[in-house]
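*Asks:* what's the 3D shape of this:
(chains A and B)
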2 protein chains.
Amino acid sequence: MNLPGSIAAAPGLRVSEAGEHALIERIRQRIPASPPDLVIGIGDDAAVATPERGALQVLTTDALVEGVHFDRRWSPPADIGAKALAVNISDVASMGGAPRYALLSLMLPADLPVADLDALLDGFLHMAAAHGVALAGGNITRSPGPLIVDVTVVGSVRPRKLLTRAGGRPGDAVYVTGAIGAGAAGLEWLRAHGHDAAVPGGALADCVARYRRPQPRARIGALLGRTRAASSCMDTSDGLADAIAQICKASGTGATIDAANLPIHPGAAACFADRDPVLAALAGGDDYELLFTTSRRHRGRLRHVTSEARGVALTRIGELTGDASITLSRDGHTEPLPAGFVHF
Amino acid sequence: MNLPGSIAAAPGLRVSEAGEHALIERIRQRIPASPPDLVIGIGDDAAVATPERGALQVLTTDALVEGVHFDRRWSPPADIGAKALAVNISDVASMGGAPRYALLSLMLPADLPVADLDALLDGFLHMAAAHGVALAGGNITRSPGPLIVDVTVVGSVRPRKLLTRAGGRPGDAVYVTGAIGAGAAGLEWLRAHGHDAAVPGGALADCVARYRRPQPRARIGALLGRTRAASSCMDTSDGLADAIAQICKASGTGATIDAANLPIHPGAAACFADRDPVLAALAGGDDYELLFTTSRRHRGRLRHVTSEARGVALTRIGELTGDASITLSRDGHTEPLPAGFVHF
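*Replies:* The predicted model follows:
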């Protein structure tokens, strides 16, 4: 079936009625002109790109699976497409790198409307354009069950700018960007109220928006790498508590976190008011902030990052320690830091 | 739950009982030592690798979806893991490149036995070792339905060695490696006889083996690129007829294929004896041979490839033409070439 991308799909047309080649052609017609360093884009057996001279390759893959990571009743297709790319850009940013190319692997239920695929692509390509990412290739196949959007991002980083989880040292200050708990609060609101309810305004609306379409901290990650202000870095996609635990494990340190300094999103604080909001915000996944550590002697570098952060808060939430424990101190007491989000 | 890779899983243990971090740790303990050019492997937010100096990056992704591309009753987990990587290596080979790194994105049903995951990884890593591919990273998540193995391979190719689908010219000879129809025949036999039946010996057993665990033509692809013997190339994963159509479309040519010269696998010829075996072999997917074209003046280069092919046949099956039609000639007649395998 001929289904050129420039012609609107018949209302209600399903992907199973379009055919694989027609869908690929439709995608190809939607993407902007390839950058000159993309030698071969969509349409051959593989994509071919020119690596940035003197840079390392950063490689990451992350999938959004319907019924696990999103619900089509709660997230419009455009947000699903945008988020699938955003979570990968976040991983590249946490290494201090810049994203360059994406591969998009789509597993589509046969009854998915072509209009939903178009919207998913629009969201993906909007996020790609915002971060200078070229869609270089991918794969389309049928799914016998869930809609799955699996994305690979290839980025680049200068060898001396690379950030890992392993560089933290006892005495380093622990920082987090933005606000925490928003993603979990947004998801909780959607689960409780369903897709039909109008999202309330204010802070909770911001949580829902952050859950549906997170904005990766690409600029801050690149700044932390370029200035070498951070000794270690990772993103908080599985929750802040998990990120702290992973940084400590990789760096061979402990940490003490000060509950009073945690930048809990006001919408999350309201959403979690019926329980311990600090623990809920620490454990909640689906934030795409950066957790990073900075040594004392690099405070000047960090001030430079702060001045270039364009309003994104960088909040000091604690310190790495020389022992193996990770503790949360509040109201003069200390307690073990709870574990983070678990996928299984 | 602590589940180190060095300790055998309890019999019947399911992945949902193991936990994401434990599964990742289990994978990490199974992989061999990283090559020196892999700066950061599994365990950080992204992998980091040193690009080959002066080479282009080759990027490809392809997924195997349960119920679409395989059936766990017909394919042992080790074969599923091996095939998921093989199909991507085949794509890199068809560009004249060498595979270097793989990212493994696993979507696992909660009740998948950990022993099956181990076997899947063993198959994947066996194929990786055979082709010099390092498992650099990936992702594990739960699947609410099918088992899905989505693989990205990053390879490299010298700029002047790159093969695409687009370089064919009228008058170029059309070649295919190995034998065709084997994958489709193997699948058909498995569908008809189920998993309980013992696979017969001989040619049909070879078809079943090729369906379950194809051997990508990595060596031939690299040779075709290095010697610049081929003007265009692609793999036959969606069938030979589809590959011919794609090469012609990208190169702006037609083609005439000689039925008498098609290297139909003897097992496929037997399996398809109840219909038109030529058309069945042309249309069948799941072969991972290379289709390529060679100009007259590069016959010397092709002889060099043949001499280095270590017993893999390179069969001339036809010629590219200057008109738009793709025809099959047999018994003194010509007919339009049928379309290939369709995924949707």
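*Asks:* got any ranges where chain A has weak pLDDT?
*Replies:* A:1-9, A:195-196, A:340-344 (pLDDT under 70).
*Asks:* same thing but 50
*Replies:* For chain A, residues meeting the criterion pLDDT under 50 lie at A:1-7.
*Asks:* from chain B, how far out is A:D122?
*Replies:* Shown here: A:D122 relative to chain B, a distance of 21 Å by CB to the nearest CB, to the nearest Å. For glycine as for every other residue, the C-beta is placed from the backbone atoms N, C-alpha and C.
*Asks:* could you pull out the strands for the stretch 101-250 of chain A?
*Replies:* Read by DSSP state E, counting those that start in this stretch, the stretch 101-250 of chain A holds these strands, from start to end of the chain: A:134-143, A:148-157, A:173-177, A:232-235.
*Asks:* with distance to chain B and mean neighbour count added, can I get the ones you listed in CSV?
*Replies:* Below are these laid out as CSV (distance: least, CB to the nearest CB, whole Å; neighbours: other CB atoms under 10 Å in any protein chain shown):
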stretch, distance to chain B, mean neighbour count
strand A:134-143, 5, 23
strand A:148-157, 4, 28
strand A:173-177, 14, 24
strand A:232-235, 5, 28
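*Asks:* columns distance to A:L328 on top of those, output as TSV?
*Replies:* Listed next are the strands of the stretch 101-250 of chain A as TSV, based on distance: least, CB to CB, whole Å:
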stretch	distance to A:L328
strand A:134-143	41
strand A:148-157	32
strand A:173-177	12
strand A:232-235	19
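*Asks:* A:A222 is nearest to which of the ones you listed?
*Replies:* Between A:A222 and those, the shortest gap by CB to CB is with strand A:148-157, which sits at 8.7 Å.
*Asks:* what lines up beside the closest one in the sheet?
*Replies:* Each strand pairing with strand A:148-157, determined using DSSP bridges, is listed with its direction: strand A:56-65 (antiparallel), strand A:98-109 (antiparallel).
*Asks:* how about the CA coordinates for it, as CSV?
*Replies:* As requested, C-alpha coordinates have been extracted for strand A:148-157 and formatted as CSV (Å, rounded to 0.1, in the frame of the first residue of the first chain):
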residue,chain,number,x,y,z
ILE,A,148,7.5,-0.4,22.7
VAL,A,149,9.8,2.5,21.8
ASP,A,150,13.4,1.4,22.2
VAL,A,151,16.0,4.1,21.5
THR,A,152,19.7,4.1,21.2
VAL,A,153,21.6,7.4,21.4
VAL,A,154,25.2,7.8,20.2
GLY,A,155,27.0,10.8,21.6
SER,A,156,30.5,12.2,21.9
VAL,A,157,32.6,13.4,24.8
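*Asks:* tell me, what residue is most central in chain A?
*Replies:* A:V87 (2.5 Å; CA atoms, centre = their mean).
*Asks:* now that residue: how far from chain B?
*Replies:* A:V87 sits 10 Å away from chain B when distances are taken as CB to the nearest CB.
*Asks:* and what of A:E319?
*Replies:* Distance of A:E319 to chain B, given as CB to the nearest CB: 22 Å.
*Asks:* how many residues are close by that residue?
*Replies:* A:E319: 17 surrounding residues under other CB atoms under 10 Å in any protein chain shown.
*Asks:* burial of A:D238, as a residue count?
*Replies:* Residues near A:D238, counting by other CB under 10 Å, number 23.
*Asks:* please disregard the earlier target; I meant A:G178.
*Replies:* Residues lying near A:G178 (other CB under 10 Å) number 22.
*Asks:* next: A:R14.
*Replies:* The number of residues packed near A:R14 is 18, by other CB under 10 Å.
*Asks:* please name the nearest non-neighbouring residue to the residue of the stretch 101-250 of chain A found nearest chain B.
*Replies:* Minimum separation of the stretch 101-250 of chain A from chain B (CB to the nearest CB) falls at A:G145, amounting to 3.0 Å. Using CB to CB, 6 or more residues apart in numbering or on different chains and skipping the chain neighbours, the partner closest in space to A:G145 is B:G145 (3.0 Å).
*Asks:* now the helices for chain A?
*Replies:* Per DSSP state H, chain A has helices spanning A:20-30, A:77-94, A:114-130, A:182-193, A:202-212, A:218-227, A:240-251, A:266-271, A:277-283, A:299-307. These are given in chain order.
*Asks:* surely A:L64 and A:G123 touch.
*Replies:* No - with contacts counted by CB atoms under 8 Å, A:L64 stays clear of A:G123, the gap being 11.5 Å.
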